[in-house]
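S.K.: For reference, the sequence and a predicted model appear below.
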Amino acid sequence: MTSPEKAIASSSQVHSLVPPLKWAGGKRWLVDRLTPYWDEIQPQRLVEPFCGGLAIALGVSPQQALLNDINPHLINFYHQIQQGLSCNIRMENQADCYYQNRTEFNHLIECQQAQTAEAAQLFYYLNRTGFNGLCRFNRRGLFNVPFGRYKKINYKTDFQEYQPLFRRWTFTQGDFAALAIEAGDFIYADPPYDVEFRQYSSGGFDWSDQERLAKWLGEQSVPVIASNQATERILALYKYHGFKVDTVVAPRRISCNGDRRPAQEMLAFKGF
């Protein structure tokens, strides 16, 4: 099997489809590092318990995929693309438009109309226009990301190019532990980082969830790669559950308290 050190060498593979959403902590930079594992094993299905912006799934373009996330608005967006989503709402890079659409999106949430094509359009617009690609909700489950102040935004009005892939893939919303893992699967897990901000969904993702995830991943009998911020306790946790753990420099910087050092990312491997 390929060693982590060898597989982490960058490849020249180019993938044509880019993620349709901006995504804080997105993993496009990891695609070339993880592709050698995928190519050597040639699994039957990619499983992502936290599919996020789909950088890895679009990067390796599997024939079959089980793509899950705890965020229902994200999964609704992908379901609507499967069904032929097009955007006909007002989409302008202006603060008044942004806050009007944010209010409408939150109104749909409160009225239990968030699993609709209209909500998916609003979610896309808010994602592209809001601050830094954040996806953040308050304790009431309402979207509270401020206006992003980008100089220019190129909005898509249809997502037809994604349909051939998305229609082959299964998108689910829920807890990772409910996923049915099968022989021939390859798991890539990229949970919310072990950092102070965890309000990615209304329920959050705390340390007990990090522990539960590492244990669940360690119990699987298929190849697993997990990533997370390389905090001391995360590194210790994955080592405890039998993973080979490496760290790599991520293309972002630690920004709290004015610290601008490059951030360290953990890659944990099992079954290779």
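M.R.: Sure thing, it's come through. As the structure is a prediction and not an experimental result, all values here were calculated from the model. Numbering: from 1, shown residues only.

S.K.: low-confidence ranges in the stretch 101-250 of the chain?
M.R.: Applying pLDDT under 70 to the stretch 101-250 of the chain picks out residues 196-203.

S.K.: Please, where are all the strands along it?
M.R.: 170-173, 185-189, 224-229, 244-253 (DSSP state E, counting those that start in this stretch).

S.K.: Quick check: chain neighbours aside, which residue is closest to Tyr155?
M.R.: Once flanking residues are discounted, Tyr155 sits nearest to Met91: 4.6 Å by CB to CB, 6 or more residues apart in numbering. All C-beta spots, glycine's among them, are computed from the backbone N, C-alpha and C.

S.K.: thinking again about what came up before, any chance of the strands of the stretch 101-250 of the chain in TSV with distance to Val47 as columns?
M.R.: Below are those laid out as TSV (distance: least, CB to CB, whole Å):
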stretch	distance to Val47
strand 170-173	10
strand 185-189	5
strand 224-229	9
strand 244-253	20
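
S.K.: Nearest to Lys27, out of these?
M.R.: Among these, strand 224-229 comes nearest to Lys27, with 7.0 Å by CB to CB.

S.K.: then the closest one to PDB, C-alphas only?
M.R.: Presented in PDB, the C-alpha positions along strand 224-229 are these (Å, rounded to 0.1, in the frame of the first residue of the first chain):
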ATOM      1  CA  VAL A 224     -10.500   5.700   6.400                       C
ATOM      2  CA  ILE A 225      -8.800   9.100   6.100                       C
ATOM      3  CA  ALA A 226      -9.800  11.900   8.500                       C
ATOM      4  CA  SER A 227      -8.700  15.500   8.700                       C
ATOM      5  CA  ASN A 228      -9.000  18.100  11.400                       C
ATOM      6  CA  GLN A 229      -7.100  21.000  12.900                       C
END
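
S.K.: Report the buried residues of that strand.
M.R.: Residues Val224, Ile225, Ala226, Ser227, Asn228, Gln229 are the ones in strand 224-229 that count as buried (16 or more other CB atoms under 10 Å).

S.K.: Just list whatever residues bridge to the first one.
M.R.: Pointing back at Val224 there. Ile187, Lys270 (DSSP bridges).

S.K.: Relative to Gln44, how far out is it?
M.R.: According to CB to CB, to the nearest Å, Val224 stands 15 Å off from Gln44.

S.K.: Then the fifth one?
M.R.: Taking CB to CB as the criterion, Asn228 is separated from Gln44 by 26 Å.

S.K.: List the buried residues in stretch 132-152.
M.R.: Gly133, Leu134, Cys135, Arg136, Phe137, Leu142, Phe143, Val145, Phe147, Gly148.

S.K.: Test my guess that the fifth one contacts Asn144.
M.R.: Spelled out, that is Phe137. Yes - if you go by CB atoms under 8 Å, Phe137 and Asn144 touch, sitting 6.6 Å apart.

S.K.: how many neighbours does the nearest residue in space to Arg128 that is not next to it in sequence have?
M.R.: Once flanking residues are discounted, Arg128 sits nearest to Ile153: 5.6 Å by CB to CB, 6+ apart. Residues lying near Ile153 (other CB atoms under 10 Å) number 13.
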